[in-house]
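Colleague: Build me a structure from this.
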Amino acid sequence: TLGFLIPPSNIMIIYGVLGDVSVLKLFTAGFIPGVLLATCFIAWVMIHTTIKPSLVPAGEHAMRRMPWSRRFASLRDLAPAMFLIACVLGSMYGGLATPSQAAAVGVLGALFVARTQGGLTMQALRDVAIGSV
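Modeller: Alright, predicted model coming up:
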């Protein structure tokens, strides 16, 4: 249910094309309900596992003892994903790109992230070109 609401949703794109409705308006309409639904899911899991701690896997109990400074430091690993989301949705909501163009912006953003993280090398490109991956 959540995947249908939060952009970019394939269902919204298909509906927009078939129903001759603006895909950007569909994305805008689905964003707030999607975030609210995700927040409700998160709250439910937090409340349910607080009431019944036996539902939490053994390895996850270590997270509760982890200091908040380390938790916030680990958010740095989310930066590439947040950058891509900001590129795609920001270009659409900012009026800079259509959904199709925003997909291209996302590809360029992904190439930038891959290059900065060291995953995009000439050898990797050669491997993709000759089909050895």
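Colleague: quick one: Arg115 from Met122, how far?
Modeller: 11 Å (CB to CB, to the nearest Å). The C-beta positions use only the backbone N, C-alpha and C, and glycine is treated the same way.
Colleague: What of Ala81?
Modeller: 25 Å.
Colleague: Ile14 too?
Modeller: Taking CB to CB, one finds Ile14 at 38 Å from Met122.
Colleague: Looking at those two, which is more packed in?
Modeller: Neighbour count, other CB atoms under 10 Å: between Ile14 and Met122, Ile14 has more, with 11 against 7.
Colleague: check which helix or strand covers the more buried one.
Modeller: Under the criterion of DSSP states H and E, Ile14 resides in helix 10-18.
Colleague: Would you mind listing the buried residues in that helix?
Modeller: Met12, Ile13, Gly16 (16 or more other CB atoms under 10 Å).
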